[in-house]
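Colleague: Predicted structure and sequence below. I'll ask about it afterward.
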Amino acid sequence: MQLLAWQFASPGPMLFEWGAIAVRWYGFLIASAVLIGVTLSQNLAKRRQVNPELLADLAIWLVIAAIPAARIYYVVFQWEQYQNNPGDIIAIWKGGIAIHGAILGGTIAAIIFAKIQKVSIWVLADLVMPSLALGQAIGRWGNFFNSEAFGRPTDLPWKLYIPPASRPFDYANFEYFHPTFLYESIWNLLVLGLLLFIFFQSLKPTSPIKTGTLALVYLVAYSIGRFFVEGLRTDSLMAGQLRTAQIVSLILISLGAFGLVWLYKLQRSLPDVVNNSQLRSDQ
């Protein structure tokens with residue numbers, strides 16, 4: 001058990017250094033997640049007879065909006081850490097972004113993009129959500145290399161060794177912690193599998209699956225996992241005595257569940273879902 005625990009330890013945040021050039025695992029994984037995500041979304045778009053170039057254009061908007069929004073969200077809730085070191089606010093390569101901030105920024109950008117392109121935001125969302133789940137699964141490993149986003153101390157066989165400099169003050173005498181980044185990464189892969197299953201079911205000619213379903217299922221499924229994983233973490237962003245991510249997760253679960261009831265129980269359509277000729281790949 002001790003050998004296994006020792007093997008499950010971060011080798012450090014640097015991927016490689018060459019002179020003045022330094023590449024960190026965190027940035028490399030985020031860039032990889034974006035590229036792989038765009039490729040996946042474009043392939044799904046082709047299967048839906050949607051112009052894949054729209055997804056490539058949308059990806060640029062999402063990156064420009066989501067990454068800064070994720071950083072701002074994190075800094076706001078960790079302001080005591082940055083108020084005396086404002087230069088660190090832009091040091092995103094050191095870690096410190098919040099997925100809920102990215103979702104908020106990306107949603108705003110996607111809505112504006114959809115309005116400009118005169119296409120359905122829900123059609124686009126259904127094509128992006130599997131990529132978002134996959135990107136989160138990949139990106140969480142950046143926390144591993146930075147020795148961050150881990151949970152409370154544990155003696156489980158898959159325990160994670162955290163170096164002294166990265167341990168919270170209250171747990172300075174503990175060596176091994178829950179690898180909560182791993183829990184969330186695995187959960188995101190399960191969410192990805194669920195979304196892809198629904199997507200391919202929706203391609204069947206007699207499928208009852210409606211536009212917007214993948215986006216709503218993502219909100220519910222991801223948020224359920226995040227709620228429970230967050231409860232284990234030692235570095236949660238806080239709103240008073242409450243964990244911000246758990247509050248947001250409950251809100252997203254409620255919104256997603258209400259949307260699914262709206263679609264299937266009340267037999268309504270989501271706003272902005274129309275037959276857009278602009279979406280077709282043959283136009």
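Modeller: Received it, and whenever you're ready, just let me know what you need. Numbering: from 1, shown residues only.

Colleague: how about the helices in the stretch 51-200 of the chain?
Modeller: 52-77, 79-82, 99-117, 121-139, 141-145, 180-202 (DSSP state H, counting those that start in this stretch).

Colleague: shaky segments in this protein?
Modeller: 1-8, 93-95, 274-283 (pLDDT under 70).

Colleague: Spell out for me which residue occupies the centre of the chain.
Modeller: residue 136 (3.8 Å; CA atoms, centre = their mean).

Colleague: separation between that one and residue 207?
Modeller: According to CB to CB, to the nearest Å, residue 136 and residue 207 sit 26 Å apart. In this view, the C-beta of every residue, glycine as well, is placed from N, C-alpha and C.

Colleague: same check, this time on residue 197
Modeller: If you go by CB to CB, the gap between residue 197 and residue 207 works out to 12 Å.

Colleague: Next: residue 74.
Modeller: 39 Å.

Colleague: Neighbour count: these two, which is higher?
Modeller: More neighbours surround residue 74 than the other of residue 74 and residue 207, with 23 against 11 (other CB atoms under 10 Å).

Colleague: ok, and the closest non-adjacent residue to the more buried one?
Modeller: Excluding the flanking residues, the one nearest residue 74 by CB to CB, 6 or more residues apart in numbering is residue 98, at 4.4 Å.

Colleague: That neighbour touches residue 237, doesn't it?
Modeller: Yes. Using CB atoms under 8 Å, residue 98 is in contact with residue 237, at 6.5 Å.

Colleague: who has more neighbours, these two?
Modeller: residue 98 (22 against 19).

Colleague: Identify the residues contacting residue 111.
Modeller: Contacts for residue 111 (CB atoms under 8 Å, 6 or more residues apart in numbering) come out as residue 121.

Colleague: one more time with 10 Å, if that's ok
Modeller: 121, 124, 125, 272 (CB atoms under 10 Å, 6 or more residues apart in numbering).

Colleague: what do you get for residue 126?
Modeller: Per CB under 10 Å, 6+ apart, neighbours of residue 126: 41, 44-45, 48, 50, 120, 195, 198-199, 202, 209-218.

Colleague: ranges for the strands of the stretch 151-283 of the chain?
Modeller: 160-161, 176-177, 238-239, 242-243 (DSSP state E, counting those that start in this stretch).

Colleague: Out of the ones you listed, which is the most enclosed?
Modeller: strand 176-177 (a mean of 22; mean count of other CB atoms under 10 Å).

Colleague: so what does it touch, helix or strand wise?
Modeller: helix 2-7, strand 160-161 (3 or more CB pairs under 10 Å, 6 or more residues apart in numbering; DSSP states H and E).

Colleague: Contacts for the next helix or strand after the first one next, please.
Modeller: Read that as helix 2-7. Along the chain past helix 2-7, the next helix or strand (assigned with DSSP states H and E) turns out to be strand 14-18. Residues from elsewhere that reach strand 14-18, judged by CB under 10 Å, 6+ apart: 22, 23, 24, 25, 26, 27, 28, 29, 145.

Colleague: mind listing which of those are in helices?
Modeller: Among those, the members falling in helices (DSSP state H) are 25, 26, 27, 28, 29, 145.

Colleague: Verify the contact between the fifth one and residue 145 for me.
Modeller: The one in question is residue 29. Yes. The pair residue 29 / residue 145 is scored as a contact, 7.9 Å apart, by CB atoms under 10 Å.
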